[in-house]
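# starting from these lines, generate the structure:
(2 chains)
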Number of protein chains: 2
Amino acid sequence: MNIEVNKILEADVRTISRMISMIEQLDEQAFRILSTIDNHTGNAITLGITGSPGAGKSTLVNQLINEIRKLNMTVAVLAVDPSSPYSGGAILGDRIRMADQHNDESVYIRSLSSRGESGGIPMILGSMIRLLDAANFDVIMIETVGVGQTEVKIMNFADLVAVILTPESGDSIQMIKAGLMEIADLYVINKADRPGADRLIADLNATIISQHKGPAPAPRIAKTQATSGKGVPEMLQEILTYHDHMKSTGNLAERKGTQRSNETYEIINYLSLNYISEFVNNTPEFTQILDEVKTRSADPYTSSNIIMNKLKEIIEKE
Amino acid sequence: MNIEVNKILEADVRTISRMISMIEQLDEQAFRILSTIDNHTGNAITLGITGSPGAGKSTLVNQLINEIRKLNMTVAVLAVDPSSPYSGGAILGDRIRMADQHNDESVYIRSLSSRGESGGIPMILGSMIRLLDAANFDVIMIETVGVGQTEVKIMNFADLVAVILTPESGDSIQMIKAGLMEIADLYVINKADRPGADRLIADLNATIISQHKGPAPAPRIAKTQATSGKGVPEMLQEILTYHDHMKSTGNLAERKGTQRSNETYEIINYLSLNYISEFVNNTPEFTQILDEVKTRSADPYTSSNIIMNKLKEIIEKE
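Residues are numbered from 1 along each chain as shown, chains lettered A, B, ... in the order given. Have a look, this model is predicted:
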């Protein structure tokens, strides 16, 4: 497969899709190409959208796409939510409908399953964002279901994180538990016509927002009704204003820098886990210990410590 | 904090709870204790219960507890589902109600958030299962929401995995995407009174079950209505029969062995990730490269490869 770098920079859909697949398959060529186009990155607004299943994330994303297009900006969506209606299989119908609706080259939508045991999802996603950034998309949205460690890591690649909450759902507790509340820049109260919306806003103001510290601006709150689209233009405005503000204070440059080092760490983590498991499997002394664990003549705790200490010894012999 | 090993083996609730917290905090003493009680493990039936939010997992787990108690067996539940009603915060009410209902020493329930960026959840959970196993619980249930890589890894610690599906929900597609369908030993069709249940069973039979290969027995199907408890005794019977069958064929011993090596790998992964990130951060040559990535004078891909190659060089200098 030959990828033309120019086609990436021109946002050619077929080239982008092929690159995304190559990144998913951890194709080395893709990473070499990413390294050459790195100097074209850093301009996109990267927006993380997270919230429980049922909070209305996908509907909201769909409405946001419309609003972003009205401003003549281009937009890409990466959905890492297995329950997302964009995701494959029998629910493909929705995806096609959605693609039809935005039937132009200015909207790119891709869903990714978080399947697989590689532990490489954050790395893979970081690379995809960088690709779409180089392809000059104005806004890149990353949609995840708000649970789990992987999601929190993914949100480290966003300039801005919007957490979608609904009144009376207990969502906020789940988000707090998942560690996502702390990283929110914007709270979106969706289904804001339901009872409890004002209470939720008052709670957020009294707790998180009034206690805000740190260099970034205090988180903002937006109210939406995704199904009708009500409040979505204002939500987008909040996002753009917040982003501009971050830009003017230098906070954005700082975040973009951190995203770059986070991404580097994720690649190192991924490569080193693979390397160490290979190293362990190819060292007869270690595989023997693992066999002893299996047959119960050694325990997992002592054995993993023995292996790690030997590994460290080797590393530090330097 | 002084932990008496005897109290663990006697399943003293306060000691177990304290040990669980220590494991959560990665307290080294806990892991030393686990290593000494390893010879008391290997007897519990470990059962993974997974399914989408809304599939009725918690209700089903609750009913299963009742049925297990009727057989005079003891049972522990570890819930790693942030949307689980056992989980803390404002929804604590349910948890108390549930604990009340099983107000004896024969039922132990603990919920764990998957919060945190440590990447250590599978390791932590493996250790908790081993603890409860040493404490002589007959059945240990691990409940997770069926999405994400962490969940699949956690299921590697179960003798038997039950995937909860509901008719007409599209759940099955999500489960396939998450890679959970392949590891199921038992499909539980919950809300089996709803239309589509028979169709779902026919689909499962036509695809996964008829194509089953390998040393383990073919997956089984159970129908339940968790809210009324209908079908739950039969579900438990399926589980126990399946487990007995695995035992008699030697397949169980094989799985328990694999669980032990999986757990060892998870500990090694965790320790090595921590060690390598520390090593990178304490090596001026590496932190300089990371700074260059941050300030855009180097790219993440080339840089992580440089760092990894140097790490490998150091390791292989041996």
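
# name the helices or strands packed onto the host helix or strand of residue A:311?
Element membership for residue A:311, per DSSP states H and E: helix A:300-316. Of the remaining helices and strands, those touching helix A:300-316 by 3 or more CB pairs under 8 Å, 6 or more residues apart in numbering or on different chains; DSSP states H and E are helix A:251-281, helix A:284-294, helix B:28-36, helix B:121-134, helix B:251-281, helix B:300-316. Any C-beta I mention is one placed from the backbone N, CA and C, and that applies to glycine too.

# quickly compare those and say which is most buried.
With neighbours taken as mean count of other CB atoms under 10 Å in any protein chain shown, the helices and strands packed on helix A:300-316 reach their highest mean count in helix B:121-134, at a mean of 25.

# near chain A at all, that one?
Yes. Part of helix B:121-134 sits near chain A under the criterion CB under 8 Å from any CB of the partner chain, namely B:121, B:126-127, B:130.

# how far off helix A:300-316 does that helix point, in degrees?
Orientation note: helix B:121-134 sits at an angle of 150 degrees relative to helix A:300-316 (axes from the mean of the first three to the mean of the last three CA atoms, to 10 degrees).

# pull the helix or strand just after helix B:121-134 out as CSV, backbone CA atoms only.
Toward the C-terminal end, the helix or strand that comes next after helix B:121-134 (DSSP H and E) is strand B:139-145. Once side chains and other backbone atoms are set aside, the C-alpha atoms of strand B:139-145 remain, and they are given as CSV (Å, rounded to 0.1, in the frame of the first residue of the first chain):
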residue,chain,number,x,y,z
VAL,B,139,-18.3,-19.1,44.7
ILE,B,140,-16.7,-15.8,43.7
MET,B,141,-18.6,-13.7,41.3
ILE,B,142,-16.9,-10.9,39.3
GLU,B,143,-19.4,-8.5,37.8
THR,B,144,-18.2,-6.2,35.0
VAL,B,145,-19.9,-4.0,32.4
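
# centre of the chain to strand B:139-145, how far?
Relative to the chain's own centre, strand B:139-145 is displaced by 6 Å; criterion: CA atoms, centre = their mean, to the nearest Å.

# any part of stretch A:30-45 near chain B?
Yes. Judged by CB under 8 Å from any CB, stretch A:30-45 and chain B are in contact via A:31-32, A:34-35, A:38-39, A:42.

# so which of the helices and strands packed on helix A:300-316 gets nearest residue A:110?
Between residue A:110 and the helices and strands packed on helix A:300-316, the shortest separation by CB to CB is 18.3 Å, and it involves helix A:251-281.

# what's whichever helix or strand residue A:66 is part of packed up against?
When elements are assigned from DSSP H and E, residue A:66 belongs to helix A:57-70. Under the contact definition 3+ CB pairs under 8 Å, 6+ apart, helix A:57-70 sits against strand A:45-51, strand A:75-79, strand A:139-145, helix A:232-249.

# any buried residues in it, and which?
The neighbour-count criterion (16 or more other CB atoms under 10 Å in any protein chain shown) identifies A:57-68 as the buried residues of helix A:57-70.

# just to revisit the earlier point, turn the residues of helix B:121-134 next to chain A into a markdown table, columns for pLDDT.
Formatted as a markdown table, the entries for the residues of helix B:121-134 next to chain A read as follows, by pLDDT from 0 to 100:
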| residue | pLDDT |
| --- | --- |
| B:121 | 77 |
| B:126 | 92 |
| B:127 | 93 |
| B:130 | 95 |
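
# for residue A:164, which non-adjacent residue is closest in space?
Distance criterion CB to CB, 6 or more residues apart in numbering or on different chains; nearest residue to residue A:164, sequence neighbours excluded, is residue A:51 at 3.1 Å.

# how close does the one you found get to chain B?
Using CB to the nearest CB, to the nearest Å, one gets 12 Å for the distance from residue A:51 to chain B.

# that residue bridge partners, please.
Partner residues in beta bridges with residue A:51: residue A:145, with DSSP bridges as the criterion.

# pLDDT at it, what is it?
The score at residue A:51 is 79. That number is its pLDDT.

# can you check the one 10 residues further on too?
Reported pLDDT at residue A:61 in the predicted model: 92.

# give the contact list for it.
Remark: with contacts taken as CB atoms under 8 Å, 6 or more residues apart in numbering or on different chains, residue A:61 is in contact with A:49, A:77, A:79, A:141, A:143.

# now, which of those sits nearest chain B?
The closest of the contacts of residue A:61 to chain B turns out to be residue A:79 (CB to the nearest CB; 11.9 Å).
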